[in-house]
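[1] Pasting the sequence and the predicted coordinates here, then a few questions.
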Amino acid sequence: MRTLRSAAALAVLIAAPALATVVMALSMEEMTAMAPVVVHGVVRRTETNWDDGKRKIWTWAEIDVRETLKGAPTRTVLVKQPGGVVGGIGQSVSGAATFESGEEVLLFLEPAVDEKNAYVVLAMSAGKVRFEGTVGPKVARRNLSGLSFAASGKRGVEGPVAERENLGAADVFLTRIRAAVKGGAR
């Protein structure tokens, strides 16, 4: 009986990392270097729809850009993420970035390969930083739930990771990313 319980516990531990999406562990400076586009903005609206074959659900977020830190300046950006709910049917993708109308964000983006004039978030939700707070200075945070990190040059996976990561004061974080764009931060 004890062997059966031990085997069951081991099976749960082995299966647990499979519930997460694995992305490369990257510093903010590495993400800045890798992302062709980095924008600071506010989510105007979101919309969720089926793909043409009605097999996958996609959520679209329209971002009003306050500042283009890297890439060609633009007033709005359209971001495509897997998952969402349409007509009571939902699809969930572990580690996908989620968006709420009105939230202030900094996004590390790359062009969507299947959609012209649209972007996807680099490294899933690790490439989305939310600025939070209504009283006092805003704080930069990432929601990393559903992610595990793979470290380059190492075997295995570091994770799953902490669900929320505090990156400090929003203005200090923005200064850090601006410096990384200019090549001043390492």
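    Yes, it's here.
[2] which ones are touching the most centrally placed residue in the chain?
    Taking Cα atoms, centre = their mean, the centroid of the chain lies closest to Ser125, which sits 1.7 Å from it. For Ser125, the contacting residues are 95-98, 142-147, by Cβ atoms under 8 Å, 6 or more residues apart in numbering. C-beta here means a position set from N, CA and C on the backbone, and glycine is covered the same way.
[3] And it, how far from Gly83?
    11 Å (Cβ to Cβ, to the nearest Å).
[4] Pull up the overlap in contacts between these two.
    Ala96.
[5] Spell out, range by range, the strands that occur in the protein.
    Secondary structure of the chain, counting by DSSP state E: strands at 21-24, 37-50, 57-70, 76-82, 84-86, 89-91, 104-111, 119-121, 128-132, 139-143, 147-150, 164-169.
[6] Within the sheet, what are the partner strands of the last one, with directions?
    Meaning strand 164-169. strand 139-143 (antiparallel) (DSSP bridges).
[7] Could you export the strand it pairs with as CSV, keeping only the C-alpha atoms?
    Extracted in CSV, the C-alpha atoms of strand 139-143 (Å, rounded to 0.1, in the frame of the first residue of the first chain):
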residue,chain,number,x,y,z
VAL,A,139,4.2,49.3,-9.3
ALA,A,140,5.3,47.1,-12.2
ARG,A,141,4.2,43.5,-11.9
ARG,A,142,4.1,40.4,-14.0
ASN,A,143,1.6,37.5,-13.7
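[8] Next up, the contacts around the spatially closest residue to Gly71 that is not a sequence neighbour.
    The shortest distance from Gly71 to any non-neighbouring residue, by Cβ to Cβ, 6 or more residues apart in numbering, is to Val37 (3.5 Å). When contacts are counted by Cβ under 8 Å, 6+ apart, Val37 touches 68, 70-72, 77, 107-111, 119.
[9] can you tell me how far Leu109 sits from Arg44?
    Noted for Leu109: a distance of 16 Å to Arg44, by Cβ to Cβ.
[10] Looking only at neighbour counts, state which of those two leads.
    Leu109 (22 against 14; other Cβ atoms under 10 Å).
[11] Could you measure from the more buried one over to Gly127?
    From Leu109 over to Gly127 the distance is 7 Å, taken as Cβ to Cβ.
[12] what sits in contact with each of those two?
    Joint contacts of Leu109 and Gly127 (Cβ under 8 Å, 6+ apart) are 35, 121.
[13] And for Lys70, nearest residue in space, chain neighbours not counted?
    Nearest non-adjacent residue to Lys70, counting by Cβ to Cβ, 6+ apart: Val38, 4.0 Å away.
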